[in-house]
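Chemist: The following block contains a protein sequence and its predicted model.
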Amino acid sequence: KAIDKLAWIFIKDKKILGARSKGKDTYYIPGGKREVGETDQAALIREIKEELSIELKPETLEYIATFKAQAHGRSVGTQVKMTCYLAEFSGEIRANAEIEAVKWLGYQDKQNCSLVSSKIMEWLYSQGQIV
């Protein structure tokens, strides 16, 4: 069984933006699941607006890569597939809805992240995108 999710990669000063849900101790890359009939673009724009109070600019969405890993907090064998995009945005990032905190994460923070987020961070580190 796989959980199909979308993620928005936002890097600033060689750090990636992470989010932590209320009552949780693990960070993940912002995004979420599609609703029935939604495109990647529509779902990611909706999820990021709900979580971070900003508007992704649809014309700037750019697919980067897809990653798979064991789903955090789920039974062994449950995989999460994370399809990652870059995009420009308007507005000011702030935690909203179920998000309790947002934080700039460096490579050394990957142990505080979900497995799939750690994999993404390892890849970004290997590409020289984060430190």
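Modeler: All right, it came through fine. Numbers count the residues shown, from 1 in each chain.

Chemist: When you work out contacts or count neighbours from here on, use the C-alpha atoms and nothing else.
Modeler: OK.

Chemist: quick one, strands of this protein?
Modeler: In the chain, the segments counted as strands under DSSP state E are 2-8, 11-12, 15-21, 27-28, 31-33, 55-56, 62-70, 79-86, 89-90, 99-105.

Chemist: Mind putting those into JSON lines with mean pLDDT and distance to Ile130?
Modeler: JSON lines is the format used below for those (pLDDT from 0 to 100; distance: least, Cα to Cα, whole Å):
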{"stretch": "strand 2-8", "mean pLDDT": "96", "distance to Ile130": "15"}
{"stretch": "strand 11-12", "mean pLDDT": "98", "distance to Ile130": "7"}
{"stretch": "strand 15-21", "mean pLDDT": "97", "distance to Ile130": "5"}
{"stretch": "strand 27-28", "mean pLDDT": "96", "distance to Ile130": "15"}
{"stretch": "strand 31-33", "mean pLDDT": "96", "distance to Ile130": "19"}
{"stretch": "strand 55-56", "mean pLDDT": "98", "distance to Ile130": "21"}
{"stretch": "strand 62-70", "mean pLDDT": "97", "distance to Ile130": "15"}
{"stretch": "strand 79-86", "mean pLDDT": "97", "distance to Ile130": "14"}
{"stretch": "strand 89-90", "mean pLDDT": "98", "distance to Ile130": "20"}
{"stretch": "strand 99-105", "mean pLDDT": "97", "distance to Ile130": "9"}
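
Chemist: Can you check which of those gets nearest to Glu47?
Modeler: Closest to Glu47 of those, according to Cα to Cα: strand 31-33, at 5.5 Å.

Chemist: which stretch among the strands of the chain comes nearest Ser117?
Modeler: strand 27-28 (5.6 Å).
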